[in-house]
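1. Just need the structure, nothing else, for what follows:
(2 chains)
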Amino acid sequence: DAKTTQPTSMDCAEGRAANLPCNHSTISGNEYVYWYRQIHSQGPQYIIHGLKNNETNEMASLIITEDRKSSTLILPHATLRDTAVYYCIVRVARSGNTGKLIFGQGTTLQVKP
Amino acid sequence: ETGVTQSPTHLIKTRGQQVTLRCSSQSGHNTVSWYQQALGQGPQFIFQYYREEENGRGNFPPRFSGLQFPNYSSELNVNALELDDSALYLCASSFMQADTQYFGPGTRLTVL
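-> Next up is the predicted model:
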């Protein structure tokens, strides 16, 4: 499974967009980019995932570069409740494979009033 | 639709004891994965169960074992507890093995 690199921490003003970068330069063609977040001592929460196209759902947008070596998670209007550790994970999502999630240290996002 | 649930919420055990943690998967999901999260670290994959069979295992000793039942709920058993087993234990369910995993709230295990 490909390794990801994320900044250790980021700050964002409440109401502004939070842009969280992730590098995954060794990603393989069959690996998806997944984003989870974990609010203190709770279970990780699934946010969004994508293969090569940009994706958007009710929580966030995921922008993947054309070469797929990096991506950005965008929270369009951050609130205090978005303060959490955000994990970028690349994983194979193929039938028969465990698709285990390999978590790094993630990015601690602090949303400030 | 019920999400992933885990029990108990918290547990305190002493070294050498055995513990069983339980997980009920989300409705319609047949796969359960277990993770261990030590304080300040990201979760680490323990193993996965698919249709009652172990379907992959991380770097954990055999004293970590599991079961999955016909209703797809699952148990994690840890024998001969060690102090380093103190962690948040997370289970995640998915529709199939490699589909998106949805996590439960976790069980906080403290080993004294």
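2. Around chain A, pick out the residues from chain B.
-> Applying Cβ under 8 Å from any Cβ of the partner chain, we find that chain B lies next to chain A at B:4, B:33, B:35, B:41-45, B:48, B:55-56, B:58, B:88, B:90, B:92, B:94, B:96-106, B:108. In this view, the C-beta of every residue, glycine as well, is placed from N, C-alpha and C.
3. Identify all residues paired with the spatially most central residue of chain A through a beta bridge.
-> For chain A, the residue nearest the mean C-alpha position is A:Trp35 (3.1 Å; Cα atoms, centre = their mean). As for beta bridges, A:Trp35 partners with A:Ile48, A:Cys88 under DSSP bridges.
4. which residues touch it?
-> A:20, A:22, A:46-49, A:60, A:62, A:73, A:86-89 (Cβ atoms under 8 Å, 6 or more residues apart in numbering or on different chains).
5. Provide a list of residues in contact with A:Asp82.
-> Listed by Cβ under 8 Å, 6+ apart, the contact partners of A:Asp82 are A:12, A:18, A:37, A:75, A:109, A:111.
6. for stretch A:90-105, how far is the first residue from the last?
-> This stretch, stretch A:90-105, spans 14 Å end to end (Cα to Cα, to the nearest Å).
7. One more: stretch B:40-51?
-> End-to-end distance for stretch B:40-51, by Cα to Cα: 33 Å.
8. Which residues of chain A lie near chain B?
-> Within chain A, the positions near chain B by Cβ under 8 Å from any Cβ are A:34, A:36, A:41-46, A:49, A:87, A:91-106.
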